[in-house]
Each structure stands twice: as structure tokens, then as C-alpha cells.
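**Q** Sequence and predicted structure are below.
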Amino acid sequence: MIAGLYAVTPDGLPTHVLLDRVEQALLAGVRLLQYRAKPTGAPGMQVGTDGSRRRLAQAQAIRDRCRAHGAMLIINDDPGLAVAVDADGVHLGRDDGSVRAARALLGAGRWIGVSCYDSLDRARDAASEGADYVAFGSMYASSVKPGAVRAPLELLGQARAQIDLPIVAIGGIDLSNAAEVRNAGAHAFAVISAVFHASDIAAAVGALRRIADAGRAPRACLPN
């Protein structure tokens, strides 16, 4: 289920710090988690490099924690890594290959999400190719991607009316504006700093979940 709070891990943390913060978030009730660690070099899992070994080890450890807590794990950018760790799905950006190619690799029953930035046309194309959810943003200024294209709030409502998939909002979302994106039409909102850089992760997760649950409607959408 792609709905409510969608936590995304930050880049650059030492493994033991990352895993500790992931565990705190899961204990607090995160049930949808994306592992985001940008690879170096060409796309795909680059076996044999220190970076790829670290990413594989981190993803495996996070997968184990997600399973222990009944949470879904989505891998950012890398279908090969998603298959390698038996994750629940993958999230594709502009340069991460097509939905069809990812589906051929992952098979049926796993989630494929697509970043659509500020483009409703890209979202329609992703839906026609078999994506399971689409994401728009950056909705607000973001310290993670300060130069990211901005998407208007009204795009969320337009997408929800025209595309029969879960709609995710991302970019600069925190306690001050999460209700705004929810009310604008997002089924889920993705956050990085608001969870993983919070001084009290459990309190942050609890507050964000309350905002998400206040506007959640039942949805029986399953992956292709």
C-alpha cells in the first residue's frame, strides 16, 4: 500500500548511524521505507566496488529490519539492487531506465514508482507503461536537492483526478506543510530530513503519521 507517511533514507550517514535511525523509525510506526543511496559511476549495481558492497550490505540490513517490522522496502534508482535484496519494489528517476525494463527484471507483484517532477504527461506515460505509483516534486524548497524543479500544489489534485494510481508528493515536506500536500491530493508524502534528521525520530514519525492518517481514504491498489 502506497499511502500515508513514506520515509526515505538520507545519503551519507555511516552505516551504524543509518541502521539505528531506520530502526527507530520502524519502531515508531514507519511501514513504507525507501532506501536511497546514490551509486557512483554508471547506473546499476556495480559489484566489486567499495560503494556497491556498502550499498548492498546496507540494503540487506534494512530489508531485514523492514521484514521484522512488517514494513515495505522500496529501493531508489536501482532495479538490480532491488532484485538482489528481494525488496518490495523500486523507484525510478528520469535516468534510471523504463518501467517496462524494470518490470521485466523485477517481475509481477513488486512495486514500481516513477518520479514525474512537475510533469503530468510523464505521469500519464508511466501509468500507461505499468507503473504502480507516481511521485511529484519538489513541492517545496529542499535541502536534499536545492536545485530541484518545483511542482505546484495544484498538480497533485490534477493527477489524482486523471491518473488511477497512488500519488506521492516529495521535496521539502515536514510537519509545517504535510497537511497541505495531503489536502491538495497526495495519497502519500515522502520525507527524508523530517524523519531521519529529527532530534526525536519517534516523535517526528508519530506526528507525521497523525497528519497522514487524518486524511487517508481506503485504497485497494495492488502492484502489477
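**A** Nice, thanks for sending it over. The model shown is predicted, which means the values in this text are computed figures rather than measured ones. Numbers count the residues shown, from 1 in each chain.
**Q** Local confidence estimate at residue 142?
**A** Note on residue 142: pLDDT of 86.
**Q** next one: residue 154
**A** 97.
**Q** any idea what sits nearest it, other than its immediate chain neighbours?
**A** residue 184 (7.0 Å; CB to CB, 6 or more residues apart in numbering). In this view, the C-beta of every residue, glycine as well, is placed from N, C-alpha and C.
**Q** residues in contact with the one you found?
**A** 153, 154, 156, 157, 169 (CB atoms under 8 Å, 6 or more residues apart in numbering).
**Q** Where do the strands of this protein begin and end?
**A** Assigned by DSSP state E, the chain shows strands spanning 4-8, 32-35, 72-76, 89-92, 111-115, 133-136, 167-170, 188-191.
**Q** now those strands in a markdown table, with mean neighbour count?
**A** Formatted as a markdown table, the strands of the chain follow (neighbours: other CB atoms under 10 Å):
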| stretch | mean neighbour count |
| --- | --- |
| strand 4-8 | 25 |
| strand 32-35 | 24 |
| strand 72-76 | 23 |
| strand 89-92 | 26 |
| strand 111-115 | 26 |
| strand 133-136 | 27 |
| strand 167-170 | 29 |
| strand 188-191 | 26 |
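**Q** Compare those and give me the one nearest residue 201.
**A** Shortest distance between residue 201 and the strands of the chain, using CB to CB, is found for strand 4-8: 9.6 Å.
**Q** List the strands paired with the closest one, with their directions.
**A** strand 32-35 (parallel), strand 188-191 (parallel) (DSSP bridges).
**Q** can you pull the buried residues of stretch 97-106?
**A** 97, 99, 102, 103, 106 (16 or more other CB atoms under 10 Å).
**Q** Surely the third one and residue 93 touch.
**A** To tie it back to what came earlier, the one meant is residue 102. No: assessed by CB atoms under 8 Å, residue 102 is found out of contact with residue 93, at 11.6 Å.
**Q** Dump the strands of the chain to CSV, plus distance to residue 179 and mean pLDDT.
**A** Shown next, in CSV, are those (distance: least, CB to CB, whole Å; pLDDT from 0 to 100):
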stretch, distance to residue 179, mean pLDDT
strand 4-8, 12, 98
strand 32-35, 18, 98
strand 72-76, 23, 98
strand 89-92, 24, 98
strand 111-115, 22, 98
strand 133-136, 17, 98
strand 167-170, 11, 98
strand 188-191, 9, 98
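**Q** Who are the contact partners of the closest residue to residue 24 other than its chain neighbours?
**A** Nearest in space to residue 24, with sequence neighbours left out and distances taken as CB to CB, 6+ apart, is residue 201 at 4.2 Å. When contacts are counted by CB under 8 Å, 6+ apart, residue 201 touches 21, 24, 25, 28, 195.
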